[in-house]
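Colleague: Return a 3D structure for these sequence lines:
(one chain, ligands or ions: 1)
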Amino acid sequence: MSFDIHDIRKSFGGTEVLRGVSLSLQKGEFIALLGPSGSGKTSLLNIVAGLAHADAGRLVMDGRDITRLPAGQRHFGMVFQSYALFRHMTVAENIGFGLRVMKNGPSRSEIAMRVRELLEMIELPDLGARYPAQLSGGQRQRVAMARALAPRPQLLLMDEPFSALDAEVRVALRDQVRALQRRAGVGAIMVTHDRAEADALADRIAIMDQGLITRIETPAPVVAPAVTPVVAPVVAP
Ligand SMILES: Nc1ncnc2c1ncn2[C@@H]1O[C@H](COP(=O)(O)OP(=O)(O)OP(=O)(O)O)[C@@H](O)[C@H]1O
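Modeller: Modelled structure (predicted):
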């Protein structure tokens with residue numbers, strides 16, 4: 001899978017919020033869109049998802065122009081705040097949702113198997129029968145990841161996936177999300193305004209400012225936690 005964003009432009013009421021954004025994603029690559037509030041990150045992700053349309057520019061997946069393809073036909077997994085878990089469905093039903101609505105999709109038993117596999121993957125094997133309200137925030141976020149990955153998407157799109165979580169859970173979840181994305185072998189684009197989050201997760205970081213990608217950075221190496229030096233006890237003579 002290769003994915004190219006070519007010269008995307010978008011205006012709202014005469015203000016250009018995306019001023020010609022281009023970016024190429026390699027197979028299995030994780031890209032973070034990092035930038036201050038209002039720089040256009042979410043607008044770009046929405047256009048990639050097919051939830052909004054660009055005024056100009058193209059989206060190309062494996063050589064195919066998908067700029068005008070409806071969201072439902074893009075086969076992208078989405079973890080967005082605005083796309084919360086379905087409250088009236090169990091965890092298992094939530095995870096299987098994308099498979100059940102697929103045209104000529106898998107059989108019921110195949111769906112059940114895939115859901116079990118994903119529950120194992122997110123390390124919540126016994127919680128399939130619970131409802132979202134009976135989960136912690138971190139567990140909910142892992143279920144949202146599993147729901148997004150269930151139909152084996154070509155690309156995973158995440159908009160501030162950890163922002164509703166407290167700092168401790170956020171850090172613990174980062175590693176899990178990275179591992180899940182790697183294991184699924186899926187490319188990912190994540191919007192964040194948190195530098196540490198981008199460093200921890202991304203292969204490359206696209207810095208956005210005022211509607212443009214101003215530079216691409218490689219993440220800073222993750223610093224190992226400080227180790228307290230072991231001091232040999234002073235033995236009294
Ligand atoms: N539907 C809309 N109608 C009008 N203006 C919009 C709309 N969506 C976004 N904007 C404007 O476009 C600009 C970019 O917004 P966008 O949400 O893409 O930024 P962002 O980088 O994701 O910010 P944040 O980190 O705060 O979410 C902002 O000035 C915003 O007010």
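Colleague: Give me the nearest residue to A200, chain neighbours excluded.
Modeller: R174 (4.8 Å; C-beta to C-beta, 6 or more residues apart in numbering). No exception for glycine: its C-beta is placed from N, CA and C like everyone else's.
Colleague: Tell me the residues of the chain that contact the ligand?
Modeller: Residues of the chain lying near the ligand by C-beta under 6 Å from any ligand atom: 12, 17, 35, 37-43, 193.
Colleague: who touches the residue nearest to the spatial centre of the chain in this structure?
Modeller: For the chain, the residue nearest the mean C-alpha position is M158 (2.9 Å; C-alpha atoms, centre = their mean). Taking C-beta atoms under 8 Å, 6 or more residues apart in numbering, we find M158 in contact with 78-80, 177, 188-191.
Colleague: G40 contacts E16, doesn't it?
Modeller: No: using C-beta atoms under 8 Å as the test, G40 is too far from E16 to be in contact (9.3 Å).
Colleague: Look at L59 and give its secondary structure.
Modeller: Put simply, L59 is strand when judged by DSSP: H, G, I helix; E, B strand; the rest coil.
Colleague: Show me what the helix or strand hosting A198 is packed against.
Modeller: Assigned by DSSP states H and E, A198 falls within helix 195-201. Secondary-structure packing of helix 195-201 (3 or more C-beta pairs under 8 Å, 6 or more residues apart in numbering; DSSP states H and E): strand 30-34, helix 167-184, strand 187-192.
Colleague: With mean neighbour count and mean pLDDT as new columns, can those be given to me in a markdown table?
Modeller: Output for the helices and strands packed on helix 195-201, formatted as a markdown table (neighbours: other C-beta atoms under 10 Å; pLDDT from 0 to 100):
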| stretch | mean neighbour count | mean pLDDT |
| --- | --- | --- |
| strand 30-34 | 25 | 97 |
| helix 167-184 | 16 | 84 |
| strand 187-192 | 25 | 96 |
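Colleague: Between those, which one is closest to R108.
Modeller: Closest to R108 of these is helix 167-184 (C-beta to C-beta; 22.6 Å).
Colleague: quick revisit: any idea which of the contacts of M158 is closest to E117?
Modeller: Among these, and counting by C-beta to C-beta, the member closest to E117 is V177, at 17.3 Å.
Colleague: I'd say the closest one and L165 touch.
Modeller: No: taking contacts as C-beta under 8 Å, V177 lies outside contact range of L165: 11.4 Å.
Colleague: Wait, a strand at L156?
Modeller: Yes: assigned with three-state DSSP, L156 falls within a strand.
Colleague: so how many other residues sit close to it?
Modeller: By the criterion of other C-beta atoms under 10 Å, L156 has 23 neighbours.
Colleague: Which of the contacts of M158 sits closest to H6?
Modeller: Looking across the contacts of M158 and measuring by C-beta to C-beta, the closest to H6 is I189, at 15.0 Å.
Colleague: Could you measure from the closest one over to T15?
Modeller: Separation of I189 from T15 (C-beta to C-beta, to the nearest Å): 24 Å.
Colleague: And the strands in this structure?
Modeller: Remark: strands assigned in the chain by DSSP state E are 3-12, 15-25, 30-34, 56-61, 64-65, 76-79, 155-159, 187-192, 204-209, 212-217.
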